[in-house]
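Visitor: next one to model:
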Amino acid sequence: GIVTFLDSGSPKGTGTTNGSGVATLATSALAVGSHPLTARFEGTAHHALSTSSPALSQVVNTIPTSASLASNNNPSTFGSSVTLTASVTPIPTVGGTVTFLDNGLSIGTGTTNGGGVATLTTSTLALGSHPMTARYEGSAGYLTSTSSPALAQVVNAPVSTNTVNVGPAPGMITQGNPIR
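Guide: Just a heads-up that it's a prediction; the model follows:
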């Protein structure tokens, strides 16, 4: 016979009983929260319709995440490009938001790809050390997380490459030389 599986009275799918009278339904479509599930046997010519009672309370929890942060250019030079890369595990839904923070203040956001990675490129960091973190904002079924410890992104002043020549210029008089 046919068994309809219901969540709060709404059908979620059907299964067919096997020789032992057991029907199953596998699903990953339940949202986070509590679900009162019932099974309704649809009946046959020889068996009446019946519904399981009491309802089974199925709880779907959110998944904890962990965020990490890396820099491609640390230490960097003032005005140079720095790409910050956040990795979120377990891999959340594609399109989740990661906020990149410099000492707790947002410097921009990135979007997670299919590998749970989001990036932000900037060249506007001031001189000095910057405690950088990445905060995954969470998504359907996934909790928020912040990278820890903070990444110390160091921005140094550019090194001067000017050349200064010191010495007498042609035609100059120097002490101890006769004048001609």
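
Visitor: the residue nearest to residue 128 when sequence neighbours are not counted and residue 103: what is the separation?
Guide: Closest residue in space to residue 128, ignoring its immediate chain neighbours: residue 155 at 6.2 Å, by CB to CB, 6 or more residues apart in numbering. To be clear about C-beta, it is placed using only N, CA and C from the backbone, and glycine gets the same treatment. Distance, residue 155 to residue 103, using CB to CB, to the nearest Å: 13 Å.

Visitor: hey, what's in contact with both of those two?
Guide: Counting by CB atoms under 8 Å, 6 or more residues apart in numbering, the shared contacts of residue 155 and residue 103 are residue 130.

Visitor: ok, these two, which is more surrounded?
Guide: Higher neighbour count among residue 155 and residue 103: residue 155, with 20 against 11, using other CB atoms under 10 Å.

Visitor: right, and that one touches residue 73 too?
Guide: No: contact criterion CB atoms under 8 Å: residue 155 and residue 73 do not qualify, at 9.6 Å.

Visitor: residue closest to the middle of this protein?
Guide: Centroid-nearest residue in the chain, with CA atoms, centre = their mean: residue 88, separated by 4.1 Å.

Visitor: and it, helix, strand or coil?
Guide: strand (DSSP: H, G, I helix; E, B strand; the rest coil).

Visitor: in the sheet, which residues pair with it? Tell me.
Guide: residue 67 (DSSP bridges).

Visitor: what's it in contact with, if anything?
Guide: Residue 88 touches 65-67, 96, 98, 112, 116-118, 136, 145, counting by CB under 8 Å, 6+ apart.
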